[in-house]
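Chemist: can't give you the sequence, but here's the structure:
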Ligand code: PEP
Ligand code: MG
């Protein structure tokens, strides 16, 4: 038996087989029983077939031979025996999941590309990464990735991760895990609060646990003394199981309305990308749809195929599915390149590992659709028609000021007149604005005066305010949701919204981090929208917290000078110690 020592951040004993999560590669690694090898290889083959069909469709649509040829290299890679067949062989040899086998093949081939001098060949690594990303996406078609992969894990498991960002942690099905451990030791503020809320034992700061522990290895995690035993003898297991605490697992708490421990009402809605996600959102306890990313309708097809009738069917169905709960449909948030290629990937972090960078500051979103008015008018006509099917809120994204809002509203009025001219009386709908651009945040009072609701899109707001392109590795560490500038902007918007009596929610990723959620409640936010998988954890966290304590925590946090200081303060305050009153 080998023993590793780290920092225990959540008490209790957890025993299970290791599932390895390599955050760098966004891949889970676990052993599969021999009986599953065949179906795992079949998943790879299916993914190859789907990828090949998608590339065919892209090639047909692309104008000119040169652009089509760009994808020829990727098509050749898809049929290369070094890629999918090699991954299939590894599944059989190592008895590991397909995602991990594919990752190993990618790492190997990427190192070969890196070692050649020829710049043309070196550039092919980008194509390889693209193809592997596509295959990975197609291994879990239409799904969130992790959930589907984890379905295959045999319980009980222990999660062994290099690091565990909240956006990932929030999407895991924690009923599968007895404990978790991480290599990373610093900046674990969210991990600790998460583990305690879930009552899952946890040890962090183990440096190289993901290398030292093989997938499927039996491990015992002791969150009280911060140790991890690898392959513990049966006697130890027996002793510990008899004396130690075991993890209480998180289950969705389906009490509505949701309240903090002191009775403050909190509303949690869901961000969804596809029509089919609505029922999952409901199951997870969402009280409405706070953000429907309608641009996914443009995925894989040219814009003129996304007709008014086709959109009407989708929106009406979504409203019916969620009735009487509200549904917020955002108008297309897409840029020129995505529109031209008809190739939209799901934007949610970790959903597919095949992300489209969203940091672009050019012609995108409302700016694009106001230029391509017919696109917006068609969408708004479909929305006006669908409004009769439920409680509809229309949301304009990436608005930078009042002029854009007014122009968008005038297109909405045109659309309503067109529907009326067909003899259909338009039904009422609410109109809101996403606060994603700092100029919108700073003029939130003006926007609030002319809208029914505001929604803070913190993903973009953080990038724009801090001038950080998250896809640029050299600066991505500067992406700080807890930067004082971000918190001040949010406070500013919150005040503007409450002065005008306009409902405000926050729908960016930051709200699904339990510690940040607690802070936001302390800052007076009462409405959140997040990825559905994060909702049960968020509900649990909310029910445990007292909003009066959180008000003090927030007041103090907002006086601190840096994200690191705020993080440390949050860790200490939320770890259970009472925060002194603010004078
Ligand atoms: C945001 O920017 O916070 C947001 C929710 O929008 P998206 O992630 O789709 O850009
Ligand atoms: Mg956004």
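Modeler: Looks like it arrived, so ask away. These figures come from a predicted structure and were not determined experimentally. Residues are numbered from 1 along each chain as shown. Ligands and ions are numbered 1, 2, ... in the order given.
Chemist: helices or strands next to the biggest strand by length in the chain in the packing?
Modeler: Looking across the chain with DSSP state E, the single longest strand is strand 13-22. Where contact means 3 or more C-beta pairs under 8 Å, 6 or more residues apart in numbering; DSSP states H and E, strand 13-22 is packed against strand 27-29, strand 157-161, strand 177-182, helix 209-212, strand 218-222, helix 234-243. (Each C-beta comes from the backbone N, C-alpha and C, glycine too.)
Chemist: close enough to count as contact, residue 273 and residue 294?
Modeler: No: with contacts counted by C-beta atoms under 8 Å, residue 273 stays clear of residue 294, the gap being 9.3 Å.
Chemist: who in the chain is up against ligand 1?
Modeler: Listed as neighbours of ligand 1 in the chain under the rule C-beta under 6 Å from any ligand atom: 291, 293, 333, 347, 358, 436, 457-460, 507-508.
Chemist: and these as TSV, adding neighbour count?
Modeler: Converted to TSV, the residues of the chain next to ligand 1 look like this (neighbours: other C-beta atoms under 10 Å):
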residue	neighbour count
291	27
293	21
333	27
347	18
358	19
436	27
457	25
458	23
459	21
460	22
507	28
508	26
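Chemist: mind listing which of those residues are in strands?
Modeler: Per DSSP E, strands hold the following members of the residues of the chain next to ligand 1: 291, 293.
Chemist: so where do the strands sit in the stretch 251-400 of the chain?
Modeler: 258-259, 265-272, 289-293, 326-330, 391-396 (DSSP state E, counting those that start in this stretch).
Chemist: sorry, back to before: from the residues of the chain next to ligand 1, which one has the minimum pLDDT?
Modeler: Minimum pLDDT for the residues of the chain next to ligand 1 is recorded at residue 347 (36).
Chemist: Residue 264: what's it in contact with?
Modeler: Going by C-beta atoms under 8 Å, 6 or more residues apart in numbering, residue 264 touches 521, 526, 547.
Chemist: Apologies, that question was intended for residue 318.
Modeler: Applying C-beta under 8 Å, 6+ apart, the residues near residue 318 are 275, 278, 289, 292, 327, 329.
Chemist: nearest residue to the fourth one other than its sequence neighbours?
Modeler: Closest residue in space to residue 292, ignoring its immediate chain neighbours: residue 329 at 4.7 Å, by C-beta to C-beta, 6 or more residues apart in numbering.
Chemist: Hmm, residue 200 and residue 174 touching each other?
Modeler: Yes: using C-beta under 8 Å, residue 174 is in contact with residue 200, at 6.3 Å.
Chemist: Columns distance to residue 214 on top of the residues of the chain next to ligand 1, output as a markdown table?
Modeler: Listed next are these as a markdown table, based on distance: C-beta to C-beta, whole Å:
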| residue | distance to residue 214 |
| --- | --- |
| 291 | 40 |
| 293 | 38 |
| 333 | 42 |
| 347 | 34 |
| 358 | 37 |
| 436 | 43 |
| 457 | 41 |
| 458 | 38 |
| 459 | 36 |
| 460 | 40 |
| 507 | 40 |
| 508 | 37 |
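Chemist: Quick check: helices, which of the residues of the chain next to ligand 1 are part of them?
Modeler: Mapping these onto helices (DSSP state H) picks out 458-460.
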